[in-house]
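J.: Task: produce atomic coordinates for the following.
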Amino acid sequence: MAWADAVLVGARTVRLHGTSCLLHAPDLLRQRLQRGLAPQPPVVVWSRSGALAGDLPFFQQPFERWLLTSAPVLPSAPKGTGFRGILPFDNWPLALARLSSLGWRRIAVLGGAQLVGSLLGAEEIGRAHV
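T.: Numbers count the residues shown, from 1 in each chain. Reported below is the predicted structural model:
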């Protein structure tokens, strides 16, 4: 995960676990800082509904959060949502192009099954960016 520009995780996984993975190894944190990156990669949550409980520990973790959703939401993150930005989801090629436009070309996929299945179905797993 230290090599990743961003991390992609499904909303169900966040709901079930309440958190996302963090880097703890000092050498990996140092490598990211030396490359001019934040200590933790940004986390992009894929959610069809856009609904996540604001009291999850996930929203207290030390990383930037983004929401990728097909739900009808405002074009940017409203104050108090815990997300730096909200990106529209139409399909995986367009969504990954949007992530790439933010400078996130190497994406680590942390799960869950619906997310991985969706990416596999779109034949996006194994490409240069995922």
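J.: pLDDT weak spots in this protein?
T.: Residue ranges of the chain with pLDDT under 70: 73-80, 122-124, 126-130.
J.: quick one, strands of it?
T.: With DSSP state E as the criterion, the chain has strands at 6-10, 43-47, 65-69, 85-88, 107-111.
J.: contact partners of the third one?
T.: Strand 65-69 is contacted by residues 6, 8, 42-50, 52, 58-59, 73, 77, 81-89, 95, 98-99 when judged by C-beta atoms under 8 Å, 6 or more residues apart in numbering. Quick note: C-beta positions are derived from backbone N, CA and C, even for glycine.
J.: Which among those residues count as buried?
T.: 6, 8, 42-47, 50, 52, 58-59, 73, 77, 81, 83, 85-87, 89, 95, 98-99 (16 or more other C-beta atoms under 10 Å).
J.: and the spatially most central residue of the chain, what does it touch?
T.: Nearest to the geometric centre of the chain sits Val44, at 1.7 Å (C-alpha atoms, centre = their mean). By C-beta under 8 Å, 6+ apart, the contact set of Val44 is Ala6, Val7, Leu8, Val9, Arg65, Trp66, Leu67, Leu68, Leu87, Leu99, Trp104, Ile107.
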